[in-house]
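Visitor: turn this into a structure:
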Amino acid sequence: MEQTWNEAEESMLLLHVEDGDVGSRMDQFVSLRAGVTRSAAAKLIEEGAVTVNGGTVAKNRKVLANDVVELLLPE
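Guide: Below is the predicted model of the structure:
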């Protein structure tokens, strides 16, 4: 479970997709990787704080291999 802080903006978290994550719902994946509840993850996704491959997504979107998932952490 590797997480990397983006040095250009400290509030951006890059969430790495591992083989076991593929096929999971996005809210479940964000919850596990960011250490928040699933409902909090769903809210972050709905608010646009989570992007996948540069775009916003639905909370029920399935995680795909090679997805680039970024989370803008609330300050």
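Visitor: contacts, neighbours, all on C-alpha from now
Guide: OK.
Visitor: report the contact partners of the spatially closest residue to Ser39 that is not a sequence neighbour.
Guide: Counting by Cα to Cα, 6 or more residues apart in numbering, Asp27 is the residue found nearest to Ser39 once chain neighbours are left out, at 7.7 Å. Contacts for Asp27 (Cα atoms under 8 Å, 6 or more residues apart in numbering) come out as Arg38, Ser39, Ala41, Ala42, Ile45, Lys59, Asn60.
Visitor: give me the element the most centrally placed residue in the chain is part of.
Guide: Nearest residue to the geometric centre of the chain (Cα atoms, centre = their mean): Val30, 4.2 Å. Using DSSP states H and E, Val30 maps to helix 26-34.
Visitor: break down this protein into its helices, ranges please.
Guide: 26-34, 38-46 (DSSP state H).
Visitor: tell me the buried residues in the first one?
Guide: Read it as helix 26-34. Applying a neighbour-count criterion of 16 or more other Cα atoms under 10 Å, one finds Met26, Asp27, Gln28, Phe29, Val30, Ser31, Arg33, Ala34 buried in helix 26-34.
Visitor: check the last one too.
Guide: Applying a neighbour-count criterion of 16+ other Cα under 10 Å, one finds Arg38, Ala41, Ala42, Leu44, Ile45 buried in helix 38-46.
Visitor: pull the number of nearby residues for the residue lying closest to Leu72 once chain neighbours are set aside.
Guide: Spatially, and ignoring its direct neighbours in sequence, Leu72 is nearest to Met12 (4.6 Å; Cα to Cα, 6+ apart). Using other Cα atoms under 10 Å, Met12 has 18 neighbouring residues.
Visitor: Met12 and Leu71 touch, don't they?
Guide: Yes. Using Cα atoms under 8 Å, Met12 is in contact with Leu71, at 5.6 Å.
Visitor: just give the nearest non-adjacent residue to the residue nearest to the centre of the chain, would you?
Guide: The shortest distance from Val30 to any non-neighbouring residue, by Cα to Cα, 6+ apart, is to Ala41 (5.8 Å).
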